[in-house]
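K.L.:
pasted the sequence and its predicted model underneath.
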Amino acid sequence: MLPSSVSFASARITTSVAYGLLSVVLGAALIGALVAPGGGGWQALAFALMPDIAGVLSIDRTLARGQMHPRAVPLYNLLHSLAGPVALGIASVAWLGLPWLVASLTWALHITLDRTMGYGPRTKDGFQRG
């Protein structure tokens, strides 16, 4: 039997690979939506940066390395949940149109790229979980 640290490491690698593959799929869909007539350019830029707006709330010299200010954690975790881009994507297909589908794909891609690199939700104290 493998030590628990080995199984945890392999589970983390498997999750990272899965998020990486999802990132490739989302990236391809995003490119397709961007080159389609009526695709939204400013939405791609805005929603690529938007999930990290919580970092502005986190600026504080007294924090430990890698720590986010606790006041920014709820917004960070909310903006780094796939529920938001999925809901926006459904609304885009149903009512809002292609520019907002670009926004949802960009937002989801941002999240999956973060997860691929090992960044996930934060604890109440502002540190990475895991």
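P.N.:
Noted; the coordinates are in hand.
K.L.:
what residues of stretch 59-70 count as buried?
P.N.:
67-70 (16 or more other CB atoms under 10 Å). In this view, the C-beta of every residue, glycine as well, is placed from N, C-alpha and C.
K.L.:
just these: which are in helices?
P.N.:
Using DSSP state H, no member of the buried residues of stretch 59-70 falls in helices.
K.L.:
of all the residues you listed, which comes closest to His110?
P.N.:
Distances from His110 to the buried residues of stretch 59-70, taken as CB to CB, are shortest for Met68 (16.4 Å).
K.L.:
for the residue nearest the centre of the chain, give its distance to Trp95.
P.N.:
Nearest to the centroid of the C-alpha atoms of the chain, with distances taken as CA atoms, centre = their mean, sits Ile111, at 1.3 Å. Distance, Ile111 to Trp95, using CB to CB, to the nearest Å: 23 Å.
K.L.:
could you name the helices and strands sitting against the longest helix seen in the chain?
P.N.:
Looking across the chain with DSSP H, the single longest helix is helix 4-35. Of the remaining helices and strands, those touching helix 4-35 by 3 or more CB pairs under 8 Å, 6 or more residues apart in numbering; DSSP states H and E are helix 41-49, helix 98-116.
K.L.:
including mean pLDDT, could those helices go into CSV?
P.N.:
Below are the helices and strands packed on helix 4-35 laid out as CSV (pLDDT from 0 to 100):
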stretch, mean pLDDT
helix 41-49, 93
helix 98-116, 96
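K.L.:
most packed of those helices?
P.N.:
Counting by mean count of other CB atoms under 10 Å, helix 98-116 has the highest mean neighbour count of the helices and strands packed on helix 4-35, with a mean of 22.
K.L.:
got the contact list for it?
P.N.:
15-16, 19-20, 22-23, 26-27, 29-30, 33-34, 36, 38-41, 43-44, 46-48, 50-52, 80-82, 84-86, 88-89, 91-93, 120 (CB atoms under 8 Å, 6 or more residues apart in numbering).
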